[in-house]
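>>> Quick one: sequence plus predicted model below, questions after.
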Amino acid sequence: MKRPTRENRLTAGDLLALSRHLSKSDDGSITMFACFMVLIMLMIGGIGVDMMRHEMERTRLQAISDRAVLAAADLDQPLDPEAVVRDYFAKANMAEYVSAVSVSDGLNYRTVTVDATNTIKTQFMDSMGVENLNVPARAKAEEKIQKVEISLVVDISGSMKDNGKMQNLKNAAGVFVDTVLKPENEDLISVSLIPYSEHVNAGPGIFDQLNVNKVHKFSHCIEIPDSEFDKLRFDRSRSYEQMQYFQWNYYSIESGNYQNTRYDTVCPRNGNRNGHTGEDYEAITAFSQNANALKAQINKFKPRAGTSIFLGMKWAVGMLHPDFRPIISNLADMGQADGAFANRPSALNDPETLKTVILMTDGQNDRSMRIPDWYYNSDSEIMHWVDYNLQYYMNRYVNYRYHSNFYYQKYDAAQGDRLLSNICDAAKEARIVIWSIGFEVTDHGANVMRDCASSPSHFFRVEGVEIEDAFESIARQINQLRLTQ
């Protein structure tokens, strides 16, 4: 192309003269303004196109960065974390964009960070001297197993005998234990197993450390005043009453006969009497990380008696309150809790500790009876009810007109629902995470359990073998992966 000569090349003076000429003409000023506006619009549009391309590339680069670090930070990931990140970029044809990968590992955590950069050539901004735009991306993911204190509260009431529910529970609870108590979680995660039916068997180790008015030696349940369901902790300055030992049901679910004091007592037996082995598997196991022992206990469960969900929940949260620490410390000294957890429960506001309850039921709160004090205030009367099923005795030896004199109703379903709601609210206020599972429950039972959970997404309503999926999902979410940046 022929270069313009000096004679036909526009100079700055020529442009100035032209502008002066146009400025003296109305038409010329409008033309100048219009040209200027078109030029500005083209420039802005061009910049917009370049910036849109930049943002599209940045979004694409950030997305692959996020996915890469999430996969690499997973503590279950067997491959080298940096290799995982670079492989993600390579498969997206972005291998050359990776600037740096940083991996930090510890006993209970893994943090992976990636920095990536790309450069795109501009299509319009180069006319303004900007030939390239840098496209940065940075992602950081961390999976951290905090110290976790779990109260696993399972329903072993009489209705669990139906539809294979007990076996499904055993399978599901076993999966849960195996999922949370992995070797890499050693000394970090504790599980307290709390079986419940119509009452909760604290076991002698816990029972003997509370201030209890002991009236017999056959079982280890305590009566908890309604006022204590408004707060988490057990009041160690209070004198609790020991639960009576008697069998209410006329027909024993487990033994299949009409007079058997081994099963279906309101509070399960501890120890031996008349050749009957006490049901030690129903006692609370506190702060354990022995997966095999926990599963062995779970596999011994048998359905019995009624349903008092609120009592199971009270024990679950009470054992997570730091006021329970001296009891756990003593249990550890006696070999009844894991020594690694002798200083637990942690403080409620400990940022390194997650406190959580998994509450499971297959029914709803039911009524529960007690014997009046006038017929349970001497050794001979206590022994009488150890030997005789209450309804069996009344039907054989008491005129039906006087049956109501021999018992009274301590709890009904509505009262149980209210107490459960109170203790669940207290736990949520203390930032204890509550997962609830309604296992083949009625709509009412589902509503009660949903209300107890930390949120609707923390509630599972399941049928049959679905209970295993619920327990496994909860276990995995406890050990959750968090994208932190």
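Looks like it came in fine. Numbers count the residues shown, from 1 in each chain.
>>> Give me the pLDDT for the residue lying closest to D74 once chain neighbours are set aside.
Nearest non-adjacent residue to D74, counting by CB to CB, 6 or more residues apart in numbering: E143, 5.9 Å away. C-beta coordinates here come from the backbone N, C-alpha and C atoms, glycine included. With respect to pLDDT, E143 scores 81.
>>> Is E143 bridged to anything, and to what?
E143 has the following beta-bridge partners by DSSP bridges: R110, L481.
>>> again, but for Y240
Taking DSSP bridges as the rule, Y240 bridges to V212.
>>> That one and L210 touch, don't they?
Yes - assessed by CB atoms under 8 Å, Y240 is found in contact with L210 at 6.0 Å.
>>> Which neighbours do these two have in common?
The contact sets of Y240 and L210 overlap at I222 (CB atoms under 8 Å, 6 or more residues apart in numbering).
>>> how about the helices of the stretch 351-485 of the chain, start to end?
For the stretch 351-485 of the chain, applying DSSP state H, counting those that start in this stretch gives helices covering 379-387, 390-397, 413-429, 443-452, 466-478.
>>> Just the buried residues of stretch 428-435, please?
The neighbour-count check on stretch 428-435 (16 or more other CB atoms under 10 Å) flags 428, 430, 432-435 as buried.
>>> Could you measure from T119 over to G464?
Note on T119: its distance to G464, by CB to CB, to the nearest Å, is 57 Å.
>>> one step back: any idea which of the helices of the stretch 351-485 of the chain gets closest to A71?
Among the helices of the stretch 351-485 of the chain, the nearest to A71 by CB to CB is helix 466-478 (15.4 Å).
>>> same question for that closest one, mean pLDDT?
On average, helix 466-478 scores 89.
>>> What are the contacting residues of that helix?
Contacts of helix 466-478 (CB under 8 Å, 6+ apart): 148, 150, 168-169, 171-173, 175-176, 179-180, 354, 356, 358, 360, 435, 437, 439, 460, 462.
>>> Return the set of buried residues in it.
For helix 466-478, the neighbour count (16+ other CB under 10 Å) marks 466-468, 470-471, 474-475, 478 as buried.
>>> Nearest to F301 among those?
Checking the buried residues of helix 466-478 one by one against F301 (CB to CB), the nearest turns out to be I467, at 13.7 Å.
>>> and S346, what does it touch?
Residues near S346 by CB under 8 Å, 6+ apart: 147, 149, 322, 352-353, 355.
>>> at 7 Å what do you get?
Contacts for S346 were tallied using CB atoms under 7 Å, 6 or more residues apart in numbering; they are 147, 149, 322, 353.
>>> Of the contacts of helix 466-478, select the buried ones using a ChimeraX command.
Selection of buried members from those for ChimeraX, criterion 16+ other CB under 10 Å:
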select :148,150,168,169,171,172,173,175,176,179,180,354,356,358,360,435,437,439,460,462
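>>> before we move on, the earlier item: quick one: which of Y240 and L210 has more around it?
Neighbours per residue (other CB atoms under 10 Å) separate Y240 from L210, with Y240 holding more: 20 against 17.
>>> From what I see, that one and K214 are in contact.
No - counting by CB atoms under 7 Å, Y240 does not reach K214; the two are 9.8 Å apart.
>>> Can you name the residues that contact the nearest residue to S239 once chain neighbours are set aside?
Spatial nearest neighbour of S239, excluding adjacent residues (CB to CB, 6+ apart): N211 at 5.1 Å. Each residue near N211 by CB under 7 Å, 6+ apart is listed here: 236, 238-240.
>>> Quick one: buried ones out of those?
Buried members of the contacts of N211, counted by 16+ other CB under 10 Å: Y240.
>>> rewinding a little: ok, which pair from the buried residues of stretch 428-435 is furthest apart?
Taking CB to CB as the measure, the buried residues of stretch 428-435 span a maximum distance of 15.6 Å, between A430 and W435.
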